[in-house]
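> sequence first, then the predicted structure:
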Amino acid sequence: MTSVSEGLFRSSSVPLITRGPLRTTLRADDGVLIEAVYDPCTGDDAAGAGAGGGGTAIVVAHGFTGSADRPAVRRAVRVFSQRAAVVTFSFRGHGRSGGRSTVGDREVLDLAAAVAWARSLGHTRIVTAGFSMGGSVVLRHGALYTAPGAVGESEGRTEAHGEAHADAVVSVSAPARWYYRGTAPMRRLHWMVTRPAGRLVGRYGFRTRIDRDDWDPVPLSPVEAAGRIAPAPLLIVHGDRDPYFPLDHPRMLAGAAGGAADLWLEPGMGHAENAADETLLTRIADWAMTR
């Protein structure tokens, strides 16, 4: 896996002279255009936390059928930006991004583009925070991209584009394994992804364009990825009322990390960014800033 090619960040010099949000278009390594938004830090220490000022940036990866402009994602931005700068983006097939959704496979290239963009803006520390499908993507990204000199390619990771690695990873409401159909919401999701009629519903009902091809090869599973993220810190967050993935999923992810991950099982929480309230988001931001 590689990140975006150099020289493809549109307007990358603009945030050096603006304090407001910046919208741009990134190009993933396979050529797909990805919409992205940069929000500077709004906290008391924001003077040194904006673009060009170094510090931490949190890159948010939304769930399936989401986008950078969905209200739940913007709520996360408002909370996270009180602690750090925030980059949001729309996965391929979502929002104003090009391409078609591969439901967690090639989306790792989209995340790598967003992380590399955040570093190009001067941020020296990047935390990825993903929800549901985005949670599985940040796990795979954390396993496949590493800082230069940290881990060799012989261990299944790449140092080819060190600017695209994450320094810490937060995975919220993620599955542990692919092809899970153990709940009614997941059976409906599989119908939408695998059937022509379902993909039409996805396109016109959820504004999500879904690729018709099967995975080939099947990507690294989230549970396999969780065991390869160390030494980067890892936080796994999951609600005990998640209608998509029961609690064996986060427990499998934490177990695969071999004790190197923090596991938060949240009482009363449902699924992903829609269920993450401001209190939880603040706790996640605090964890991201202290690990």
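Right, received. Where do you want to start?
> which parts of stretch 223-239 are buried?
By 16 or more other Cβ atoms under 10 Å, the buried positions in stretch 223-239 come out as 223-230, 232-239. Just so you know, the C-beta spots here come from the backbone N, C-alpha and C atoms, and that holds for glycine as well.
> model confidence over that stretch, on average?
In this model, stretch 223-239 has an average pLDDT of 97.
> from the chain's centre, how far out does it sit?
Computed by Cα atoms, centre = their mean, to the nearest Å, the chain-centroid distance of stretch 223-239 equals 13 Å.
> now do the end-to-end distance for it.
Taking Cα to Cα, to the nearest Å, stretch 223-239 runs 18 Å from one end to the other.
> burial of residue 205, as a residue count?
Using other Cβ atoms under 10 Å, the number of residues around residue 205 comes to 11.
> any idea how far it lies from residue 120?
Residue 205 sits at a distance of 36 Å from residue 120 (criterion: Cβ to Cβ, to the nearest Å).
> backbone phi and psi for the most centrally placed residue in the chain, please?
The centroid of the chain falls nearest to residue 61 when counting by Cα atoms, centre = their mean (2.8 Å). Dihedral pair for residue 61: phi -110, psi 110, per degrees, to the nearest 10.
> check contacts around the nearest residue to it once chain neighbours are set aside.
Excluding its sequence neighbours, the residue lying closest to residue 61 (Cβ to Cβ, 6 or more residues apart in numbering) is residue 134, at 3.1 Å. By Cβ atoms under 8 Å, 6 or more residues apart in numbering, residue 134 lies in contact with 60, 61, 62, 63, 66, 91, 107, 111.
> the helix or strand hosting the first one pairs with which strands, and in what direction?
I take that to be residue 60. Using DSSP states H and E, residue 60 falls within strand 56-61. Strand 56-61 has the following strand partners under DSSP bridges: strand 85-89 (parallel), strand 125-131 (parallel).
> which residue ranges of this structure form helices?
Assigned by DSSP state H, the chain shows helices spanning 71-80, 107-120, 133-144, 184-194, 196-205, 222-226, 248-256, 272-275, 278-290.
> which one of these is the most hemmed in?
Comparing those by mean neighbour count (mean count of other Cβ atoms under 10 Å), helix 133-144 ranks first with a mean of 29.
> which residues are in contact with the strand holding residue 60?
Outside strand 56-61, the residues that reach it (Cβ under 8 Å, 6+ apart) are 49, 73, 76-77, 80, 83-89, 91, 107, 111, 114-115, 118, 121, 123, 125-131, 134-135, 137-138, 166, 285, 288-289.
> could you give the angle of it to helix 278-290?
Relative orientation of strand 56-61 versus helix 278-290 (axes from the mean of the first three to the mean of the last three Cα atoms, to 10 degrees): 130 degrees.
> check which residues of strand 56-61 are buried.
By neighbour count on 16+ other Cβ under 10 Å, the buried set for strand 56-61 is 56, 57, 58, 59, 60, 61.
> cool, stretch 208-227 as well?
For stretch 208-227, the neighbour count (16+ other Cβ under 10 Å) marks 208-211, 219-227 as buried.
> might one say that residue 291 is in contact with residue 169?
No. Using Cβ atoms under 8 Å, residue 291 makes no contact with residue 169, being 9.6 Å away.
> pull up the overlap in contacts between the two.
Listed as contacting both residue 291 and residue 169 by Cβ under 8 Å, 6+ apart are 127, 233, 235.
> so who does the last one touch?
Taking Cβ under 8 Å, 6+ apart, we find residue 235 in contact with 168, 169, 170, 171, 261, 262, 264, 284, 287, 288, 291.
> hang on, the earlier thing: residue 291 and residue 169: which is more packed in?
Per other Cβ under 10 Å, whichever of residue 291 and residue 169 has more neighbours is residue 169, with 27 against 16.
> test my guess that the more buried one contacts residue 140.
No. Assessed by Cβ under 8 Å, residue 169 is found out of contact with residue 140, at 10.2 Å.
> before we move on, back to that, biggest separation within the buried residues of stretch 208-227, which pair?
Farthest apart among the buried residues of stretch 208-227 by Cβ to Cβ are 209 and 227. That separation is 32.5 Å.
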